[in-house]
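S.K.: below: sequence and its predicted model.
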Amino acid sequence: MANEDQFKKVISHAKEYGYVFQSSEIYDGLSAVYDYAQNGAELKKNIRDYWWKAMVQMHDNIVGIDAAIFMHPTTWKASGHVDAFSDPLIDNKDSKKRYRADVLVEDYCLKIEAKIEKEVKKAEKRFGESFNKEEFISTNGRVVGYQEKIDSILKRLGQSLEKEDLADVKALIEELEIACPVAGSRNWTDVKQFNLMFGTKLGASTETAMDLYLRPETAQGIFVNFLNVQKTGRLKIPFGIAQTGKAFRNEIVARQFIFRMREFEQMEMQFFIKPGTQKKWFEHWKETRMKWHLSLGMGEENYRFHDHEKLAHYADAATDIEFKFPFGFKELEGIHSRTDFDLKQHEEFSGKKLQYFDHEDNESYTPYVLETSIGLDRMFLAVFSNALVEEELEDGKTRTVLKLPAVLAPVKAAIFPLLAKDGLPEVAKKIVEDLKWDFNVAYEEKDTVGRRYRRQDANGTPFCITVDHDTLEDNTVTIRHRDTMDQKRVKIEDLKEIIKAEVDVKHWLMKM
Ligand code: GAP
């Protein structure tokens with residue numbers, strides 16, 4: 001399936017199976033704002049829990065908080081967001097459409113990347129078994145040329161953005177002959193910066209109301225609480241503070257479904273360390289976070305690191321964990337060495353000391369910070385798009401399966417009576433009542449069992465359990481596995497352990 005088709009399928013499947021809906025759909029929706037439906041809310045919660053378990057509860061030296069979305073407006077002056085949290089925008093004078101200038105250039109590079117993939121596929125066919133992809137990529141003249149072109153374009157873009165040389169970003173767009181996807185013309189305005197924070201007001205009267213921002217990242221809620229948490233938790237460096245929560249950005253390039261939203265959720269952790277140790281911790285968290293991703297079994301080949309050329313105003317090193325979405329490799333998570341920038345800024349703007357007294361070294365210092373920051377919605381899209389497959393069956397038919405990692409699946413088991421009579425529904429409902437203490441389970445009695453299996457496959461449910469007439473005799477049921485479609489006869493009393501063995505967080509996180 002072409003990538004574009006696959007992505008369209010992901011979006012329609014998410015709607016059809018109650019995962020994600022366009023926000024306020026009855027009023028024609030709100031661009032780049034989405035609602036999570038009955039299955040989506042469960043999947044999202046399971047991802048959040050999986051992260052929280054790994055990052056907070058499995059670490060003795062990391063604690064979790066839940067800071068407010070509204071913060072004192074000076075927070076954003078101190079953090080640099082008022083002055084520097086902006087995107088370079090460019091308008092096409094014919095279509096009147098607005099674009100992120102850097103994204104136009106990156107999309108151009110993606111097209112070259114697609115050419116590389118095409119060459120690789122052709123060679124794969126030609127050489128068959130003996131094909132060595134890495135060797136081909138590093139030696140084939142055409143591919144090397146394409147890669148060099150991408151590298152030099154991205155390098156120039158990074159350097160121009162770093163130097164705030166917006167005229168050069170425009171020059172690059174012109175040199176590459178990038179046209180407006182709508183008008184097809186190259187009639188561009190100059191590139192300008194545009195602040196991404198949403199403003200709002202606090203207070204009833206217009207004269208006294210205070211201007212506020214909706215937080216564009218959760219991290220600042222952690223920085224301003226740093227000393228309170230450290231003191232009340234009696235935490236010793238190195239230690240971390242984590243939180244999950246909503247963030248808001250007035251994104252201009254609002255497309256790609258839940259990849260880039262205006263209201264989204266982040267899962268962030270700030271790790272407070274001794275100055276000078278940041279390189280070591282940067283490597284540590286790169287490795288630890290990649291292991292977390294790989295523990296979900298979504299394919300090592302679907303991840304890569306991308307080190308930043310252009311560093312954010314607060315960072316001395318940064319990398320992205322990129323994932324292969326249906327539209328190509330894109331940022332899923334950021335790992336940033338933020339130095340002491342934020343704490344120092346908050347000290348300066350608040351006039352309060354935000355230092356740590358190190359009893360071992362008998363000295364006070366402003367800690368350095370290592371941050372891991374992942375978008376929950378982006379992780380949702382990674383998991384969901386990776387899971388959706390169409391399988392050819394032996395009888396020539398196809399089945400649509402959502403092969404979600406069982407630990408994240410919204411519904412862990414669906415319980416069916418073979419027929420809606422003869423006392424079978426009563427037994428099936430009794431199993432539901434027993435299992436729902438431990439797992440989210442569903443009951444279904446409509447349609448043939450075959451159809452119910454297909455529905456649950458498409459819904460991502462790892463197990464289906466069928467109660468039939470034999471159950472009434474010997475207390476056994478048929479359990480069917482979503483991925484293998486294998487069926488086994490098991491005792492009702494063993495169901496809990498069988499399901500637990502596959503959906504338990506421990507079973508998955510132990511792989512880290
Ligand atoms: N505190 C650091 C920070 O916010 P970021 O790279 O701007 O860094 C971190 O964002 C993560 O948040 C990204 O890797 C991405 O997963 C997610 N994210 C950022 N903007 C987003 C958006 N508009 N929609 C969905 N997720 C977003």
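M.R.: Perfect, I can see it now.
S.K.: next, Thr478: phi, psi?
M.R.: phi -100, psi 130 (degrees, to the nearest 10).
S.K.: relative to the ligand, how far out is the nearest residue to it once chain neighbours are set aside?
M.R.: Using Cβ to Cβ, 6 or more residues apart in numbering and skipping the chain neighbours, the partner closest in space to Thr478 is Thr466 (4.5 Å). (Each C-beta comes from the backbone N, C-alpha and C, glycine too.) Shown here: Thr466 relative to the ligand, a distance of 40 Å by Cβ to the nearest ligand atom, to the nearest Å.
S.K.: now Thr466, which residues is it bridged with?
M.R.: Counting by DSSP bridges, Thr466 forms beta bridges with Phe416, Thr478.
S.K.: show me the shaky parts of this structure.
M.R.: 1-2 (pLDDT under 70).
S.K.: and the longest helix anywhere in it, what does it pack onto?
M.R.: The helix that spans the most residues within the chain, counting by DSSP state H, is helix 101-127. Here helix 101-127 touches strand 86-91, helix 133-139, helix 141-162, helix 166-175, strand 328-339, going by 3 or more Cβ pairs under 8 Å, 6 or more residues apart in numbering; DSSP states H and E.
S.K.: which one of the ones you listed lies closest to the ligand?
M.R.: strand 328-339 (3.8 Å; Cβ to the nearest ligand atom).
S.K.: hmm, who's touching the closest one?
M.R.: 3, 110, 113-114, 259, 270, 278-279, 281-282, 285-286, 289, 293, 303-304, 306, 312, 314-323, 368-375, 378-379, 382 (Cβ atoms under 8 Å, 6 or more residues apart in numbering).
S.K.: cool, stretch 48-68 as well?
M.R.: Stretch 48-68 is contacted from outside by 218, 221-222, 224-225, 229, 233, 235-236, 238-245, 265, 267, 269, 271, 292, 296, 372, 374, 376, 379, 407-408, 505, 508-509, 512, using Cβ under 8 Å, 6+ apart.
S.K.: just those that are near the ligand?
M.R.: Ile374 (Cβ under 6 Å from any ligand atom).
S.K.: now, the contacts of stretch 48-68 that are in strands?
M.R.: Among the contacts of stretch 48-68, the ones falling in strands (DSSP state E) are 239-245, 265, 267, 269, 271, 372, 374.
S.K.: just give me the closest of those residues to the ligand.
M.R.: When these are compared against the ligand (criterion: Cβ to the nearest ligand atom), the nearest one is Ile374, at 5.4 Å.
S.K.: if we go by neighbour counts, what in the helix or strand Arg455 falls within is buried?
M.R.: Arg455 belongs to helix 449-459 when assigned by DSSP states H and E. Across helix 449-459, burial judged by 16 or more other Cβ atoms under 10 Å covers 449, 452-459.
S.K.: what about the residue lying closest to Val56 once chain neighbours are set aside, how many residues nearby?
M.R.: Counting by Cβ to Cβ, 6+ apart, Val56 lies nearest to Gly64, which is 4.3 Å off, once chain neighbours are set aside. Neighbour count for Gly64, taken as other Cβ atoms under 10 Å: 16.
S.K.: repeat for the one 10 residues further on
M.R.: Counted by other Cβ under 10 Å, the residues lying close to Thr74 total 13.
S.K.: which phi and psi does the nearest residue to it once chain neighbours are set aside have?
M.R.: Of all residues not flanking Thr74 in the chain, Phe349 sits nearest, at 5.3 Å (Cβ to Cβ, 6+ apart). Reported as degrees, to the nearest 10, the phi and psi values for Phe349 are phi -80, psi -30.
S.K.: Ala37 now?
M.R.: According to degrees, to the nearest 10, Ala37 has phi -90, psi -170.
S.K.: wait, doesn't it sit right on Ser23?
M.R.: No: between Ala37 and Ser23 there is no contact under Cβ atoms under 8 Å: 11.3 Å.
S.K.: any idea how far Glu16 is from Ser385?
M.R.: Distance of Ser385 to Glu16, computed by Cβ to Cβ, to the nearest Å: 15 Å.
S.K.: next one: Leu161
M.R.: 40 Å.
S.K.: same question, Asn302
M.R.: For Asn302, the distance to Glu16 - Cβ to Cβ - is 24 Å.
S.K.: for the ligand, give me its nearest residue in this structure.
M.R.: Counting by Cβ to the nearest ligand atom, the chain gets nearest to the ligand through Gly375 (2.6 Å).
S.K.: what number of residues are in the vicinity of that residue?
M.R.: Residues near Gly375, counting by other Cβ under 10 Å: 23.
S.K.: ditto for Met267
M.R.: Met267 is flanked by 22 other residues according to other Cβ under 10 Å.
S.K.: that one bridge partners, please.
M.R.: Thr244, Ile374.
S.K.: and it, how far is that from Leu294?
M.R.: 17 Å.
S.K.: before we move on, what about Arg399?
M.R.: 27 Å.
S.K.: what does the helix holding Arg455 contact?
M.R.: 13, 17, 39, 399-402, 410-411, 414, 416, 418, 442, 444, 446-447, 464, 466, 480, 482, 485.
S.K.: ok, now stretch 162-182?
M.R.: Stretch 162-182 has contacts (Cβ under 8 Å, 6+ apart) with 88, 90, 92, 94-95, 97, 99, 101-102, 104-105, 108, 153, 156-157, 159-161, 185-188, 190-193, 309-311.
S.K.: out of these, which are buried?
M.R.: If we count by 16+ other Cβ under 10 Å, those have these buried: 88, 90, 92, 99, 101-102, 104-105, 108, 153, 156-157, 160-161, 188, 191.
S.K.: for Lys44, state which of these is nearest.
M.R.: Closest to Lys44 out of the buried ones among the contacts of stretch 162-182 is Asp102 (28.8 Å), distances taken as Cβ to Cβ.
S.K.: still on that earlier bit, mind putting the helices and strands packed on helix 101-127 in CSV, distance to the ligand included?
M.R.: Below are these laid out as CSV (distance: least, Cβ to the nearest ligand atom, whole Å):
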stretch, distance to the ligand
strand 86-91, 11
helix 133-139, 26
helix 141-162, 14
helix 166-175, 19
strand 328-339, 4
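S.K.: report the angle between the longest helix of the chain and strand 86-91.
M.R.: 80 degrees (axes from the mean of the first three to the mean of the last three Cα atoms, to 10 degrees).
S.K.: show me the domain layout of the chain.
M.R.: 1-72+211-390, 86-195, 411-509 (automatic domain parsing).
S.K.: right, so of the ones you listed, which gets closest to Lys201?
M.R.: Using Cβ to Cβ, the domains of the chain put domain 1-72+211-390 closest to Lys201, at 6.4 Å.
S.K.: before we move on, the earlier item: is the residue nearest to Thr478 in contact with Thr476, as I believe?
M.R.: No: checked against Cβ under 8 Å, the pair Thr466 and Thr476 is beyond contact range at 10.6 Å.
S.K.: so which of the two has more stuff around it?
M.R.: Higher neighbour count among Thr466 and Thr476: Thr466, with 20 against 17, using other Cβ under 10 Å.
S.K.: so how far is Gly233 from Phe272?
M.R.: For Phe272, the distance to Gly233 - Cβ to Cβ - is 12 Å.
S.K.: more neighbours, these two?
M.R.: Neighbour totals were compared for Phe272 and Gly233, and Phe272 leads with 26 against 13 (other Cβ under 10 Å).
S.K.: that concludes my questions; thank you for your assistance.
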